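Visitor: pasting the sequence and the predicted coordinates here, then a few questions.
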Amino acid sequence: MKIERKKKLLKAPHLSFKLRSIQTIITVSFTLVTILVVIAVSIMLYNKFAKTAEENAYLNIQQIIEQVDYHLELYVKGMQDIFEVVEDQIHKSQGITSPILREQLSTLLDTREDLVSVGLFSPEGKLVLDIPNLEMRRNTRLTQQSWFESAHVHPQQLSFSAPHIQNLYKGQYKWVVSLSRMITYRDHEATKKGILLVDVNFRTIDELSRKVALGKRGYAYIIDDLGNIVYHPQQQLIYAGLKYENLEPVFDYAYGSYTDNPGGETRYITVRTVDPIKWKIIGVAYPDEIVTTKKDLNEFIFWFLLVVCAAVVILAVFVSAKIAQPLRRLEQSVQSVGEGDFSTPILVSGAYEVVQLSKRFNFMLHRIRQLMDQIIYEQEAKRRSELDVLQAQINPHFLYNTLNSVVRLAEKGKKDEIVATITSLSKFFRISLSKGKNIITLGEELEHVRHYLIIQKIRFKNKFNYVIDYDIEILSCLTLKLILQPIVENAIVHGIEKMSDEGYIHISASIQDSRLVITVSDNGLGMSRQVMDRLLTGVSRSGGSGVGVRNVHERIRLYYGKNYGLSFESELEAGTTVTITLPVETGDGETEKRGVS
């Protein structure tokens, strides 16, 4: 009896100790508080998100339709501009039979993919001018077509037809929108009236409309001011008329939203009017899809609560069990190291074994940091070596093209140009080698690019001119070699070579704000913002240079730091300006100055 009583007394304090332990207190408290907070927050968020989801769904539908309306208005404005350009060319021409007029209109037709044809007809329907020159069909009932009648009824107003199959020319079956208006033109010193027709491909309007997505079942369609369906996801409705759509309420809305329920199913309708042609864009969405979203949210919240509660219980038990153990700090530190954090040392405290393990672990972290620094240094040296090798390479394709040009010049007997090309080529390679030096004077770099320009100008048969401006006193400044040639090559190959007009390259060097600034400008084709954004971060467009624009940028930043390098300014069809920023450095000794012009 005494022994059993003693065992009970020992068990009771042990059980009481467990219930009052920090592990138990933290587990119970953390679990209850977290679960209550999560439940309360979830209820509030559900009510808020459910209401917001419904409002955002309607707002999103309106924004989508407004976006389509905006793009359609821009496209319609573009079609009006095309019509006005054609009309202006006809007015300015010496006569309707002028070959210059036909050439101008043919050029306009070739440059616009969405421009199908241009035609000029007499008020009686006789063909006066057609671009392109195709054989017309017979029995087209031209005078009875909607665009012809609209031009007669409203001679001063630009008319837009509904989409239709073009039936004027043989072999043409394109889906077009016709623009027409009565104009005057000159024919053998006489001024006559005619109906100008410009057919524009309907494909662009179709593509803009097909991108509209209003839920799983929602859609958008377009009608004209007479109630004809211009576009519908189900194209057969264009031929079926108003049979499949309730269009009566639509005509009462130029801009707005409302609901209807044909057949007992509620729909959310959004209407926008396309100016100036008064087409209406009608978006149709189904509120039951929004309700589905709320149901999905409700189900998500329920499962989210279950998962969070289970995770909280598990996490509370785990954390509370580890808080009381000194090894927890070591485990956390090891975890930090596993995630890549080698900077935080372990706090050396606790039992003797933990202290010894912590000291050894700190020593290991220190050694790892040393090895990482060594690896970084070796990789940087390797990178520097690779760039040094790369910068000494000259594109064999350039050498091949130059020698090929020399052969052609020799065949034509142009001795002076052969001498100039060979001389510039030899000096080009001499400066490229530079006795193995990576740093040369600015004068040498400018002379190097000048010889490159001489060779390319001869090769491209004087397709471009160039000017190199500089201040004499800065020619002794030091710079990395081979930083201008890749940029000039880029300007020639990607900016000037494909131009029909004469190209121009301007290179200037000066000191600005205690920095050496070199600019290379051309009047070439230019670049878009997307191309410029990825020029220095992705694959460069400089396919003709062995060094490359991106390589030039990386070399400059590697040698001088991230505050230096290349920057671009460009605009399509307006040219490109590349700015090179370098620190101002000069040699200790006297540097040879070569003239560059």
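Guide: Good, I have the coordinates.
Visitor: what strand or helix carries the most centrally placed residue in the chain?
Guide: Against the mean C-alpha coordinate of the chain, by Cα atoms, centre = their mean, the closest residue is residue 530 at 4.4 Å. Under the criterion of DSSP states H and E, residue 530 resides in helix 529-535.
Visitor: past that helix, which element shows up next along the chain?
Guide: Next along from helix 529-535, by DSSP H and E: helix 549-560.
Visitor: elements contacting that next one?
Guide: The helices and strands touching helix 549-560, judged by 3 or more Cβ pairs under 8 Å, 6 or more residues apart in numbering; DSSP states H and E, are helix 352-391, strand 478-480, helix 485-490, strand 565-571, strand 575-583. Yep, even glycine has a C-beta here, placed from its N, CA and C like the rest.
Visitor: show me the contacts for residue 162.
Guide: For residue 162, the contact set (Cβ atoms under 8 Å, 6 or more residues apart in numbering) comprises 146, 177, 224, 226, 228, 230.
Visitor: so which of those sit within strands?
Guide: Among these, DSSP state E puts 177, 230 in strands.
Visitor: state the mean pLDDT of stretch 139-158.
Guide: Averaging pLDDT along stretch 139-158 gives 83.
Visitor: swap in stretch 177-197?
Guide: 85.
Visitor: low pLDDT regions in the stretch 301-450 of the chain?
Guide: 320-332, 334, 340, 342, 344, 346-354, 379-398, 434-436 (pLDDT under 70).
Visitor: for it, what spans make up the strands?
Guide: 439-441 (DSSP state E, counting those that start in this stretch).
Visitor: quick one on the thing from earlier: how about the helices and strands packed on helix 549-560 in JSON lines, adding distance to residue 303?
Guide: Converted to JSON lines, those look like this (distance: least, Cβ to Cβ, whole Å):
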{"stretch": "helix 352-391", "distance to residue 303": "41"}
{"stretch": "strand 478-480", "distance to residue 303": "60"}
{"stretch": "helix 485-490", "distance to residue 303": "56"}
{"stretch": "strand 565-571", "distance to residue 303": "50"}
{"stretch": "strand 575-583", "distance to residue 303": "55"}
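Visitor: which helix in this structure runs the most residues?
Guide: Counting residues, the longest helix found in the chain (DSSP state H) is helix 22-92.
Visitor: residue 76 versus residue 230, what's the distance?
Guide: Counting by Cβ to Cβ, to the nearest Å, the separation of residue 230 from residue 76 is 12 Å.
Visitor: can you give the domain ranges for this protein?
Guide: 93-204, 392-583 (automatic domain parsing).
Visitor: phi and psi next, for residue 166.
Guide: phi -70, psi 120 (degrees, to the nearest 10).
Visitor: hmm, it is touching residue 199, no?
Guide: Yes: counting by Cβ atoms under 8 Å, residue 166 does reach residue 199; the two are 5.7 Å apart.
Visitor: between the two, which contacts overlap?
Guide: 116, 117, 174, 176.
Visitor: re the thing from before, just send the domains of the chain back as JSON lines, with distance to residue 308 too.
Guide: Shown next, in JSON lines, are those (distance: least, Cβ to Cβ, whole Å):
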{"stretch": "domain 93-204", "distance to residue 308": "50"}
{"stretch": "domain 392-583", "distance to residue 308": "40"}
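Visitor: re earlier: now rank the shared contacts of residue 166 and residue 199 by neighbours and give me the top one.
Guide: Counting neighbours by other Cβ atoms under 10 Å, residue 176 leads the shared contacts of residue 166 and residue 199 with 25 neighbours.
Visitor: quick one: that one from residue 466, how far?
Guide: Taken as Cβ to Cβ, the span from residue 176 to residue 466 is 47 Å.
Visitor: any regions of the stretch 451-597 of the chain where pLDDT drops low?
Guide: 537-547, 588-597.
Visitor: ok so, going back, the more surrounded of residue 166 and residue 199?
Guide: The residue with more neighbours, out of residue 166 and residue 199, is residue 199; 24 against 18, by other Cβ under 10 Å.
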